[in-house]
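Novice: here is a sequence together with a model predicted from it:
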Amino acid sequence: MEHTKIAIIGLGYVGLPLARLFAEKYAVVGFDINASRIASLQEGVDTTLEVENTALQSVIKTANTDKNGLFFTQDASELTACDYYIVTVPTPVDTNNQADLTPLLKASETVGSVLTKGATVIYESTVYPGVTEDSCVPVLEKYSGLTFNKDFFVGYSPERINPGDKTRTIENILKITSGSTVAVAKKVDALYQSVITAGTHLTSSIKVAEAAKVIENSQRDINIAFVNELAKIFGLMNISTQEVLEAAGTKWNFSPFTPGLVGGHCIGVDPYYLAQKAQEIGYYPGIILAGRRINDSMGSYVASQVIKLMVAHKIGIENASVLVLGVTFKENCPDIRNSKVIDVITSLQEYGTKVTVFDPWVNPKEVERIYAVNATQTAPQAQFDAVVLAVAHQEFITLNLQQFKKEKAVVYDVKSILPKEQVDKSL
């Protein structure tokens, strides 16, 4: 693989760590259409906090050469003459929870416009089985004028990035690989093996690899939906869900899932991709969609529980002040994509309360731009009628909540991480 040149299309939570890793051994061109993202990366700063700035700066190069290192650009013409094009763009759902392949197809247009004979295009974006060959390949052929599996080839190697996780980093997570021919599959597998310490798992087809990815998160979604439903049941019975789970967890084969808000770009999205494909081929995926309904309902459920708690403490609801701690989709990272904390906030506002959001990890401008919600990175100097811990950031675990509480204030702990004596109710 000497003199191999790789282009990474999309430099978010998935693309940037991958580009940085490959750049240690290969010449890499990192491409993104976001000008501000490219500008910050060229300065050696990763605002997603997935790659340490020192690690990023150690591989950056300022010219698009064939030497090892990472060159950043938003100019598609810089993508010519690469051996591999790895697409790592988002695959979201629309307002009707239907798969939105727009970013993927636009990226395929970009790659197709610079594709040359002998190159291989590898997709890492989560999709349902068939998207790579049935949806992306025709776009590549159209914009390149080349013939699939004759002039160019494709592979699929689904991302397994866990935002905010500094232990299971990209090189330490086993990688699924596949290719459009037996020979190309082996080449794709060897490429990833050259940088992935944890190794690879080569599948027999692209569709198998696509299916494996989409069910990984669907399985977690269903398991979390089950314990979320248990939380609702035990809440009505006035039983502590956490105590029940701890007791059940003493059995050797009990799966340790906990209730919560299921957001983010994977678990809260991927099941809809599989469900859509299943319905297209005539099968109604009852369990998958039931899990999605339960998990999507948890934001409004949490808000209703907070309101009931306030009523029980004789706190007036209209114009009551509520402090929500955390707005990211998970703890200890700035990722706000598909955050279900927004559902909690919106529901609380619909009851007539005034909500303040405190999250030291986020960019308030991004929260306002995406969700039209005001957030602060600094602890508010005020007291509230209710405090809702929504995200288990490390800063919140030792936070003195007393400073935020009015005399009759209530505390609701979504994540069940606070000392029990500080909490009026947990999910």
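Specialist: Thanks, I have it.
Novice: in stretch 397-414, what's buried?
Specialist: L399, L401, F404, K405, A409, V410, V411, Y412, D413, V414 (16 or more other Cβ atoms under 10 Å). In this view, the C-beta of every residue, glycine as well, is placed from N, C-alpha and C.
Novice: OK, contacts around the first one?
Specialist: L399 is in contact with L325, A379, counting by Cβ atoms under 8 Å, 6 or more residues apart in numbering.
Novice: secondary structure element for it, which one?
Specialist: L399 is part of no helix or strand when elements are defined by DSSP states H and E.
Novice: and it, how close does it get to V423?
Specialist: According to Cβ to Cβ, to the nearest Å, L399 stands 13 Å off from V423.
Novice: how about the second one?
Specialist: Distance check for L401 against V423: by Cβ to Cβ, it reads 9 Å.
Novice: which neighbours do the two have in common?
Specialist: With Cβ under 8 Å, 6+ apart as the test, L401 and V423 both reach V411.
Novice: A390 touches V344, doesn't it?
Specialist: Yes - applying Cβ atoms under 8 Å, one finds A390 in contact with V344, separated by 6.0 Å.
Novice: what sits up against the top strand by length along the chain?
Specialist: In the chain, assigned by DSSP state E, the strand with the most residues is strand 405-413. Residues outside strand 405-413 that contact it (Cβ under 8 Å, 6+ apart) are 302, 305-306, 309-310, 313-315, 321, 383-389, 401, 418, 422-427.
Novice: again, but for stretch 418-427
Specialist: 231, 240-242, 259-260, 302, 305, 309, 313, 389, 397, 401, 410-416.
Novice: and for stretch 41-51?
Specialist: With contact meaning Cβ under 8 Å, 6+ apart, stretch 41-51 is reached by 11-13, 16-17, 20, 30, 32, 37, 40, 52-53, 56-57, 60, 72, 161, 163-164, 333-335, 363.
Novice: how long is that stretch from one end to the other?
Specialist: End-to-end distance of stretch 41-51: 10 Å, with Cα to Cα, to the nearest Å as the criterion.
Novice: from now on call the first residue 32
Specialist: OK, 32 is where the count begins now, so the last one is stretch 72-82.
Novice: stretch 351-365: how far from the chain's middle?
Specialist: Averaging C-alpha positions (Cα atoms, centre = their mean, to the nearest Å) puts stretch 351-365 16 Å from its chain's average.
Novice: got it, and stretch 390-410?
Specialist: With Cα atoms, centre = their mean, you get 18 Å for stretch 390-410.
Novice: buried ones in that stretch?
Specialist: Those would be D390, P391, W392, V393, P395, V398, Y402, V404, A406, for stretch 390-410 by 16+ other Cβ under 10 Å.
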